[in-house]
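S.K.: Pasting the sequence and the predicted model now:
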Amino acid sequence: MHPVVTLVAQRIALGLLLLLAVSVLIFLGTEALPGDTAQAILGQSATPEALANLRAELGLDQPALTRYFGWLGGILTGDLGVALTNGMEISSELGKRLGNTLFLAFWAAVISVPLAIILGLVAARYVGRWPDKLISGVTLSTISLPEFVVGYILLFFLGVKWQIFPPMAMAFPGMGLFERLYTVMLPVLVLVLVVLAHMMRMTRAAILNVMQSAYIETAELKGLSPMTVIARHALPNAIAPVVNVVMLNLAYLVVGVVVVEVVFAYNGVGQYLVDHVAKRDLPVVQAVGMVFAAVYIGLNILADVISILANPRLRHPK
Amino acid sequence: MRRIPLSAIIGMILTGAFILSALLADFIAPYGMAEVVGDVWEPISADHWFGTDTIGRDMLTRMIYGGQTTILVAAAATMISFGTGSVFGFLAATMGGWIDQAMSRFVDLLMAIPSLILALVILSVMPATLTTLILVMGFLDATRVFRLSRAVAVDITVMDYVEAARLRGEGWRWIIFREILPNALSPLVAELGLRFIFAVLFISTLSFLGLGVQPPLADWGGIVKENSAGLVYGKSAALIPAFAIAALAISVNLVADWVLSRTTSLKGGRGA
């Protein structure tokens, strides 16, 4: 078999194994700690008989191992159970909200990735001069800010003071694409700012690293313009680290989305998670936690696979 | 002594001011923390330098006490993450073998999930007291310190002086605390500032989500949350704690950058 296929298959298998381990961690993390679901529903003052009845009804009297496999089997077949607080099917609620969240993350990625690479190229072209310093300075300050601070600053100035964008982002079914995009512009902007800095700095660093190679000097001595040298000769060899950091940042959007959705009261998965953590609704927390972990690990695997594919030494073995 | 760059001096002064105001909160706060002293969201005035908050408490007072909570929780969490992370990291590096493997793989597992998500999952079953928050944040962040200190210690354990200590029969305590720790200190100190910033941002985010510090106590993230409803009506009170978080993070960052550049030039041996 081609060595690349073996490598990729190994990486994917490792990722699935990791996901399995994470499911154990999430299950144990919520089950092994003091207090259980029945206690959470009935409160501290419940009688022992009522607790025992409810435990039997929810299947909590089963051994932990049985319950874990029941839960895992449910996840694999798409049955995430029902929420304790309102008795609704988790999977249908999650499905609706996942679409909204992915819409947000998708547009953030579409805007931020090309922008970060272009800014990184410009900064690398003018390294040490004012465009580089300006870009680095601005992006450095956005790195130090938590997402909700960036969110509220944009909300206050762009949403309320100057009223360019709607301050509250609500997605309704039946909205046209442009209307929907306009509504979510502020949260998308916040997510872009949060991930832009890291991606841009890594692009800049990767290109500057390649710029020290001998073939770059050859290209320069041939008389190519600096931008051509960077775009045609340096960028292709900087692809692997750049793709890697892009994927890591897309995975980071998963975290950013939780906070940003709360800031703009957006009806996505992050808001769903936060609401149900506060209500101590364990089945929902476990399910949403698994979804976030799966997306995060999936993007990390994708990053590894792409950097394997981008490496010509692995693609064309001797 | 080399000249300290201006950015580091500014950073130190600001960081010092934040810490000082946290320590002296009881003496410099003009009003009581829970004392209602005026109307809702009064603008900035001579009586209330930062205006008043969502139920008419003095904003400056809230900010001073909020800073105290934020800095206290973040500092305690950083201490826990460094205490456990570095000791276990050094242990893994000196012991090697299956102990190292087991600890490293467990840390890989914890780091495979974003820490905010993991923290939310844990906080859904734990009571939200200050102690739980500090412990959860500290142990989650210890994974990063573990990786760093293990990587640093792996380089040190192959040194002749560690070998010499082993041969003369010193125990693991001696090797970790007397041989490895002094030599691993400078990269760890540089990391300390970055971990503290991370802890500040983390506790602020948790409180902002309503899952961190619980009322009547408030940290900066919590104060942002309390006053966030006013933003839509053009009341900017929520931006004050937001800027404070940013200012603290940036000023500690400036100091940490300077320490980092100093220690790397020491290690590389090429620096001026």
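M.R.: Okay, I see it. Numbers count the residues shown, from 1 in each chain, chains lettered A, B, ... in the order given.

S.K.: Residue 251: which element?
M.R.: Answering for chain A, as no chain was given. Using DSSP states H and E, A:Ala251 falls within helix A:235-263.

S.K.: Hmm, no, I was thinking of chain B.
M.R.: helix B:239-268.

S.K.: Is chain A within reach of that helix?
M.R.: Yes. Helix B:239-268 lies within reach of chain A by C-beta under 8 Å from any C-beta of the partner chain, at B:239, B:242-243, B:245-246, B:249-250, B:253. The C-beta positions use only the backbone N, C-alpha and C, and glycine is treated the same way.

S.K.: what about that helix, average pLDDT?
M.R.: In this model, helix B:239-268 carries a mean pLDDT of 77.

S.K.: Chain B contacts on the stretch 1-150 of chain A?
M.R.: A:18, A:21-22, A:25-26, A:29-30, A:33-35, A:141, A:144-149.

S.K.: Repeat the analysis, applying 6 Å as the threshold.
M.R.: Residues of the stretch 1-150 of chain A found near chain B (C-beta under 6 Å from any C-beta of the partner chain) are A:18, A:21-22, A:26, A:29-30, A:33, A:144-146, A:148-149.

S.K.: So which of those residues wins on neighbours?
M.R.: A:Val149 (30 neighbours; other C-beta atoms under 10 Å in any protein chain shown).

S.K.: In terms of helices and strands, where is the spatially most central residue of chain B?
M.R.: The residue lying closest to the centre of chain B (C-alpha atoms, centre = their mean) is B:Phe196, at 2.3 Å. Applying DSSP H and E as the criterion places B:Phe196 in helix B:181-208.

S.K.: which strands and helices sit next to the next helix or strand after that helix?
M.R.: Counting by DSSP H and E, the next helix or strand C-terminal to helix B:181-208 is helix B:220-227. Using 3 or more C-beta pairs under 6 Å, 6 or more residues apart in numbering or on different chains; DSSP states H and E as the contact test, the elements touching helix B:220-227 are helix B:59-95, helix B:181-208, helix B:239-268.

S.K.: for the record, mean pLDDT for the longest one?
M.R.: This points to helix B:59-95. Rounded mean pLDDT across helix B:59-95 is 90.

S.K.: So for it, what gets flagged as buried?
M.R.: Neighbour-count burial for helix B:59-95 flags B:59-82, B:84-94 (criterion: 16 or more other C-beta atoms under 10 Å in any protein chain shown).

S.K.: How about stretch A:178-193?
M.R.: Result for stretch A:178-193 [16+ other C-beta under 10 Å]: buried residues A:180, A:183-193.

S.K.: for stretch B:10-27, same thing?
M.R.: For stretch B:10-27, by 16+ other C-beta under 10 Å, it's B:11-12, B:14-15, B:18, B:21-22, B:25.

S.K.: which of these lies closest to chain A?
M.R.: B:Gly11 (11.4 Å; C-beta to the nearest C-beta).

S.K.: does the closest one sit in a helix, a strand or a coil?
M.R.: helix (DSSP: H, G, I helix; E, B strand; the rest coil).

S.K.: Hmm, it is touching B:Ser251, no?
M.R.: Yes. Between B:Gly11 and B:Ser251 there is a contact at 4.4 Å, judged by C-beta atoms under 6 Å.

S.K.: now B:Ala76, nearest residue through space, not along the chain?
M.R.: B:Ile134 (4.6 Å; C-beta to C-beta, 6 or more residues apart in numbering or on different chains).

S.K.: The one you found - that's part of a helix, no?
M.R.: Yes. Assessed with three-state DSSP, B:Ile134 lies in a helix.

S.K.: For A:Leu33, report the pLDDT, please.
M.R.: pLDDT, A:Leu33: 59.

S.K.: low-confidence ranges in chain A?
M.R.: Residue ranges of chain A with pLDDT under 70: A:1, A:32-45, A:57-61, A:168-175, A:317-318.

S.K.: distance of A:Gln62 from A:Asn237?
M.R.: 56 Å (C-beta to C-beta, to the nearest Å).

S.K.: ok, the two, which is more surrounded?
M.R.: A direct count of neighbours by other C-beta under 10 Å for A:Gln62 and A:Asn237 places A:Asn237 higher, at 18 against 13.

S.K.: Around chain A, pick out the residues from the stretch 101-250 of chain B.
M.R.: Going by C-beta under 6 Å from any C-beta, the residues of the stretch 101-250 of chain B near chain A are B:109, B:112-114, B:116-117, B:120-122, B:124-125, B:201, B:204-205, B:208-211, B:231-232, B:234, B:238, B:242, B:245-246, B:249-250.

S.K.: Please list only the buried members of those.
M.R.: Judged by 16+ other C-beta under 10 Å, buried ones among these: B:112-114, B:116-117, B:120-122, B:124-125, B:201, B:204-205, B:208-211, B:231, B:238, B:242, B:245-246, B:249-250.

S.K.: before we move on, the earlier item: return the closest of the residues of helix B:239-268 next to chain A with respect to B:Leu148.
M.R.: B:Asn253 (17.5 Å; C-beta to C-beta).

S.K.: residue contacts, the residue nearest to the closest one when sequence neighbours are not counted?
M.R.: Nearest residue to B:Asn253, sequence neighbours excluded (C-beta to C-beta, 6+ apart): A:Ser144, at 5.5 Å. A:Ser144 is in contact with B:249-250, B:253, counting by C-beta atoms under 6 Å, 6 or more residues apart in numbering or on different chains.

S.K.: same deal with B:Glu226?
M.R.: Applying C-beta under 6 Å, 6+ apart, the residues near B:Glu226 are B:Thr54.
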